[in-house]
Every structure is written in C-alpha cells, then in structure tokens.
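>>> For reference, the sequence and a predicted model appear below.
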Protein chains: 2
Amino acid sequence: MKTTYDCIPCFIRQALDAARLTTSDENIHEQVLRGVLAAASKMNLNQSPPMMGQYIHQLIRELSGIHDPYKNIKDRFNRFALELYPDLKQRIQTSSDSVDTAIRMAVAGNIIDFGVNAEINRSIIFDTIEQAMSTQWFGDIDILRDSIDSAKNILYLGDNCGEIVFDRLLIEQLPVDKVTFVVRGAPIINDATMVDARETGMTELVNVIDNGSNIPGTVLEKCSKKFRECFSDADLIIAKGQGNYETLSSCEKNIFFLLQAKCPVISGHMGCEQGSFIVKRSC
Amino acid sequence: MKTTYDCIPCFIRQALDAARLTTSDENIHEQVLRGVLAAASKMNLNQSPPMMGQYIHQLIRELSGIHDPYKNIKDRFNRFALELYPDLKQRIQTSSDSVDTAIRMAVAGNIIDFGVNAEINRSIIFDTIEQAMSTQWFGDIDILRDSIDSAKNILYLGDNCGEIVFDRLLIEQLPVDKVTFVVRGAPIINDATMVDARETGMTELVNVIDNGSNIPGTVLEKCSKKFRECFSDADLIIAKGQGNYETLSSCEKNIFFLLQAKCPVISGHMGCEQGSFIVKRSC
C-alpha cells in the first residue's frame, strides 16, 4: 500500500506526539518537527507508510539519545495484559466457540497501538474487548479457520506489546507445533521485540524469531534472510495490525490480516467503516 | 500569538483540504503538500498562524491558476445567511435583550470558517445558533456593552462570508454612525472582502473599508496606511474570529474579540473549553 496524501498530516501529528512522549525538551520537539516536515516534503509516496514511521522514530532516537522511548509503556502494557490473561483465557475456554472467541480477542488486542493513538488506556482496552465480542465483523473468520485446519506451517507476524498477550491467547488455540511467531528486529514505537516475547511467555509456547528490521511493519526486502526464508516457506501467514497490512497488502501469499482499522486511510483502502474489526484474506 | 507546534499538523491538513476544494488535480494536491511541508520546515514560529495561512492559499492560487477558489462557497453562504436574516432579525427584535441576543448571534456566525473546517453546512449553522443562545458564555458581554455605550469611534473587524450577515445583525443594534466595518483587502479562504460587504447590505448600513492585506487576520504592519490610521483612531475595536485574535491578541488597544474557539490551540491560549462562545477583552 502506497502512502496517501492523507497520511502526511497524520505523520506530522504522530511525530509531535512521539517527540513529546520521549522528552519534555521543546528544542527537540521543534527539531523533530522541522526534520520530519523536510523529509516529508521530499518523500517517495510509492513507499508504504511505515517507512516514514521508521524515519520519524529514528530521528527521535538520534535527537533525544534515548534508544527505546517506549520501554516503560511496553513493559506497562505487557504487565497489564498478563494481569488480564487468566480471565481472558477462561472466557475463551468457557465460550461456545473457543477459536472464534480467541480470534476476536486477538484483534481486540490490536487497539494497543501507540503509532496511531498516544492515549491508549485500560478503559479503552476493556471497551474494545467487549466491542470485539459483540460487533458485526468485516471479513473472513470462517475462511481463516479452514486455512488454519489445513495449514502445515503458520507464520504469525506480531505487532505491539500488550497485544502480544492477546496473540498468545489465540495461538494457544492453534496447533502450536506448526506456528512460528515473529517480532520486530529492534525497538520501534511500542512494537513487540524478542524481549517482549520472552516476558509474555510467547517463547515458551512457540518458536519465536525476529524479522531483522525496525520498520513498524514488514518490508520484505529490509528483513533478514532467515525471516524471508520462513516467510517463503509458510503456507499460512497471520499478520497483525495496520503496519503489517500497509506493507504486505499487495503480497501474493496466503495472508490473513487481523486488525482494527483505526484510521480512515486504512478503512478506505479496505472498504470498511473506520473502527471495524477485521479478518481479511490477501488474495 | 505565536505559532505553536500543534498548529503545524493542522496547517498541513488545511493545505490538503484547501487544495482539494480548489481543484481535483492530484498533481496540484501533491505540489501544494510538498510546498507547504518545505515552507513549514523552515518557518518562523514567532509569526502568528495566519501568516502561514496566507502562504498556503497563495501557493494554491499560483499552482491552480484560480484567483479566488472559495468564490462559490462565499456566494452560497452569503445567500444562505441573507435568507436567514429576516427570521434572525425578528428574533433579535422580539427578544427581551436585543443587544445580548445580537452579540450571541454574531458569535454564532463565526462557525462559518473554512480555514478551520472545510465541511460547514446548514445544519451545523442552525445547531450553533441554538447553542449560542442557550450556552454559558466565556467572557465579558456586559463590559462590551458598557464599552459600546461610551465609544465614539468603533472599528468592527469582520471575518468570514455568511458570518458578515450575522455581523450586520449586531451592528444594527449599535450606533451605526460611529461604526466602520473592515473587510480583507483581497480574497483569502472564505474571508469577506468589499464585494461581500456590498452583497450583504453592509455598505448601505455603515462605512466599510478594506485593510489592504490578504492575510486571514490583521497583521498591522502588512495593512494599508489608511486602515492603520482608522485602527489607531478607534476607541473600541470589535474583532471577529480566530484569525483576528491570533494576530491581535498582544495588541495594546481596547479590543473585544468575538469568536468561537474552534481549535484546541486557541481555547488553550484563552483558557477556555474548545467550542466555547467568547467575548473577551484584550487588556
């Protein structure tokens, strides 16, 4: 998916939000703003939006000297989701259709996205879980279930911290010996890395690899050779979140995108209402 | 008032909205975006926000070749407000306090601002009028009334088309021989110019001058000598809208700002809730 004109004002707002979240130094806020404005004025719009996301957060790291500005947020949301885990697990196990409930739960977890909204809190997460359980869905839950039943090699591309615990709840309903979970290669926004996979029990459940990149999405040519081989070998890919959709929506593989369409550009591209809960097959 | 960091993403969104409203040519949308991004990356933040507004709309005029992109919108909202005029006038005349009702009406008219929101429609205007009549106000209506009673020379700085009819309703309650109404010197966004003052009957009611500038506000050093003399001679200035507030908030004259605080930067600067109806004295 290319970058649209509507992404540009959103990049600038995201850059300012992220700079403020990283430091209270207003000189750095201004340098970030001016740097991102200058870069956006020359950007290649054929790139997917996460390429600018990578640029913004690299600039903030360089100017602030803070390697992982979202570290505290990531830890907090991992811990919070782990606190919820026993109740959510029980809810899945006692539901009339555990797999369906677990899929809904995994998509609900996608609300924990600091790239889109820097003001996520517990109340929003609770509301989103309840919405996900009751709302009409956009997409192909039954086709995903069929695809899971017939898959030999499932690659699950994770997205954010906190959300990774919701992914664990879904993966526990899958044939775990066939699943490889993927994290980002280095910190970017609140995306999950190997540290988070360990903290949330994912590494004890399934094989976990990183993709060798710190783009908040999956740009194959920027990922490691090892990841690309796993991607090529998989016969089912479950890709969580907007960043993975933005970077893989044109990829000719058997990919199911699980996400909440949190911005109007994504919902317009998918042909659904903003805020929709989505399970959508790529091809 | 200086330009804040929060103004910057808003400039970029405004530029895109305005480019789309002017032309369906996507190449021009992109050139406008890239031009405004580059200019914003180097802008002097000590300037007030309307200076960037002037730059954005000048760039759109140059790239599109369209001198007055808002001409149709301006005509439409002038006509619409003139249709409402008899009923609104009767409402003022039959109210228990005509001046108070007319002040509220004039501020309600400030909702017709295409710089802030490109999607103003009739329903929003009707809702705003009712809100303005019933809502708790932020400011100094009684002090304004006292100031009107004692003034010898009132300069009324207009803002937008459509809104100018609401200004007329208020001015009809003032000592009209003491009032001079001011329009912008040339088209900018949907701001009222001399053409609009004529179309809406303002020129028949009071003396009307233009300020010699096409900035969507009042930057004194960019205005004509004639306007500056009128400004200097006035002992009461009524300044409508955000643009006049942004450019005159530090001016040491007896100015009353009448506006709706439609953006969080303005409401933050004034210390009120976003959306508030405001009559505020400068000093």
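Yep, that arrived.
>>> Kindly provide the distance from the closest residue to A:L37 other than its chain neighbours to B:Q58.
If you skip the residues right next to it in sequence, A:L37 has B:S41 as its closest partner in space, 3.7 Å away by Cβ to Cβ, 6 or more residues apart in numbering or on different chains. Just so you know, the C-beta spots here come from the backbone N, C-alpha and C atoms, and that holds for glycine as well. When distances are taken as Cβ to Cβ, to the nearest Å, B:S41 and B:Q58 turn out to be 18 Å apart.
>>> Please compare those two by neighbour count and tell me which comes out ahead.
When neighbours are counted by other Cβ atoms under 10 Å in any protein chain shown, B:S41 and B:Q58 differ, and B:S41 comes out ahead with 17 against 12.
>>> Report the contact partners of the more buried one.
By Cβ atoms under 8 Å, 6 or more residues apart in numbering or on different chains, the residues touching B:S41 are A:34-35, A:37-38, A:41.
>>> do you know how far the closest residue to A:R34 other than its chain neighbours is from B:V208?
In space, and not counting its chain neighbours, A:R34 is closest to B:S41: 4.9 Å by Cβ to Cβ, 6+ apart. As for B:S41, its distance to B:V208 is 39 Å (criterion: Cβ to Cβ).
>>> Likewise for A:K2?
From A:K2 over to B:V208 the distance is 49 Å, taken as Cβ to Cβ.
>>> what's the strand or helix carrying A:Y85 in contact with?
Using DSSP states H and E, the element containing A:Y85 is helix A:71-94. Contact partners of helix A:71-94, identified using Cβ under 8 Å, 6+ apart, comprise A:21, A:68, A:98, A:101-102, A:105, A:109, A:112, A:114, A:120, A:122, A:125, A:129, A:160-166, A:168-169, A:172-173, A:187, A:190, A:192, A:196, A:199-201.
>>> What subset of those is buried?
Listed as buried from these are A:21, A:68, A:98, A:101-102, A:105, A:109, A:112, A:114, A:120, A:125, A:129, A:160-166, A:168-169, A:172-173, A:187, A:190, A:192, A:196, A:199-200; burial here means 16 or more other Cβ atoms under 10 Å in any protein chain shown.
>>> Assign the residue of the stretch 101-250 of chain A found nearest chain B to helix, strand or coil.
Across the stretch 101-250 of chain A, the shortest distance to chain B (Cβ to the nearest Cβ) belongs to A:A118, at 13.0 Å. Under DSSP: H, G, I helix; E, B strand; the rest coil, A:A118 falls in the coil class.
>>> and the nearest residue to it once chain neighbours are set aside, how many neighbours does it have?
Distances taken as Cβ to Cβ, 6+ apart place A:D17 nearest to A:A118, at 4.2 Å, with adjacent residues excluded. If you count neighbours by other Cβ under 10 Å, A:D17 ends up with 17.
>>> Quick check, A:D17 in contact with A:V116.
No. In terms of Cβ atoms under 8 Å, A:D17 does not count as a neighbour of A:V116; the distance is 9.9 Å.
>>> what residues does the stretch 151-283 of chain A put near chain B?
Among all residues of the stretch 151-283 of chain A, none is adjacent to chain B (criterion: Cβ under 8 Å from any Cβ of the partner chain).
>>> residue boundaries of the helices in the stretch 51-200 of chain A?
Read by DSSP state H, counting those that start in this stretch, the stretch 51-200 of chain A holds these helices, from start to end of the chain: A:71-94, A:98-108, A:122-134, A:141-150, A:163-171, A:194-199.
>>> ok, and what's touching the last one?
To tie it back to what came earlier, the one meant is helix A:194-199. Taking contacts as Cβ under 8 Å, 6+ apart, the residues outside helix A:194-199 that touch it are A:74-75, A:78, A:158, A:161, A:164, A:181, A:183, A:202-203, A:208, A:210.
>>> Might you report the residue contacts of the closest residue to A:I120 other than its chain neighbours?
Taking Cβ to Cβ, 6+ apart as the measure, A:I120 lies nearest to A:I112, with 5.7 Å between them; neighbours along the chain are not counted. Residues in contact with A:I112, defined by Cβ under 8 Å, 6+ apart, are A:77, A:81, A:120, A:125, A:160-163, A:190.
>>> if we go to 7 Å?
A:77, A:120, A:125, A:160, A:162-163 (Cβ atoms under 7 Å, 6 or more residues apart in numbering or on different chains).
>>> between the residues you listed, which is nearest A:D177?
When these are compared for distance to A:D177, the smallest value, 23.2 Å, is given by A:E163; criterion: Cβ to Cβ.
>>> min pLDDT across the contacts of A:I112, which one?
Of all these, A:I120 carries the smallest pLDDT score, 82.
>>> how near is that one to B:R228?
Here the criterion is Cβ to Cβ. By it, A:I120 lies 51 Å from B:R228.
>>> again, but for A:P187
Distance check for A:P187 against B:R228: by Cβ to Cβ, it reads 55 Å.
>>> how long is stretch A:152-167 end to end?
Terminal residues of stretch A:152-167 are spaced 19 Å apart (Cα to Cα, to the nearest Å).
>>> if we can go back for a sec, quick one: which of the contacts of B:S41 is most hemmed in?
Comparing the contacts of B:S41 by number of neighbours (other Cβ under 10 Å), A:L37 comes first, having 25 neighbours.
>>> can you give me the angle the helix or strand containing that residue makes with helix B:26-41?
Secondary structure from DSSP H and E places A:L37 in helix A:26-41. Direction vectors for helix A:26-41 and helix B:26-41, defined by axes from the mean of the first three to the mean of the last three Cα atoms, to 10 degrees, enclose an angle of 160 degrees.
>>> can you list the residues that contact the helix or strand of chain A with the lowest mean pLDDT?
Sorting the helices and strands of chain A by mean pLDDT, DSSP states H and E puts strand A:138-139 at the bottom, at a mean of 79. With Cβ under 7 Å, 6+ apart as the test, strand A:138-139 has contacts from A:272, A:276-280.
>>> Ends of stretch A:252-264, what's the gap?
End-to-end distance of stretch A:252-264: 24 Å, with Cα to Cα as the criterion.
>>> again, but for stretch A:265-276
The first and final residues of stretch A:265-276 sit 13 Å from each other (Cα to Cα).
>>> can you check stretch A:249-262 too?
The first and final residues of stretch A:249-262 sit 16 Å from each other (Cα to Cα).
>>> buried sites along it?
Here stretch A:249-262 shows A:249, A:251, A:253, A:255-262 as buried, counting by 16+ other Cβ under 10 Å.
>>> what's the answer for stretch A:204-222, then?
Across stretch A:204-222, burial judged by 16+ other Cβ under 10 Å covers A:205-206, A:208-211, A:213-219, A:222.
>>> Filter these down to the ones in strands?
The subset of the buried residues of stretch A:204-222 located in strands under the criterion DSSP state E comprises A:208-210.
>>> and A:D149, how many residues sit next to it?
The tally of other residues near A:D149 (other Cβ under 10 Å) stands at 10.
>>> ok, and the closest non-adjacent residue to the closest residue to chain B within the stretch 51-200 of chain A?
Closest approach between the stretch 51-200 of chain A and chain B, counting by Cβ to the nearest Cβ: A:M52, at 11.8 Å. Across the structure, with Cβ to Cβ, 6+ apart as the measure, the residue nearest A:M52 apart from its sequence neighbours is A:F11 (5.2 Å).
>>> For stretch A:153-160, which outside residues touch it?
The set of residues that contact stretch A:153-160 without belonging to it, under Cβ under 7 Å, 6+ apart, is A:110, A:112-113, A:164, A:167, A:171, A:174, A:178-183, A:190-192, A:218, A:230-231, A:233-241, A:243-244.
>>> for stretch A:216-235, same thing?
Counting by Cβ under 7 Å, 6+ apart, residues outside stretch A:216-235 touching it are A:48, A:50-51, A:53-54, A:115, A:151-155, A:157, A:180, A:182, A:185, A:188-189, A:191, A:209, A:211-213, A:215, A:243-244, A:246-248, A:254.
>>> Selecting buried members of these in PyMOL, what would you type?
The PyMOL command for the buried members of these (criterion: 16+ other Cβ under 10 Å) is given here:
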select buried, chain A and resi 48+50+51+53+54+115+151+154+155+157+180+182+185+188+189+191+209+211+213+215+243+244+246+247+248
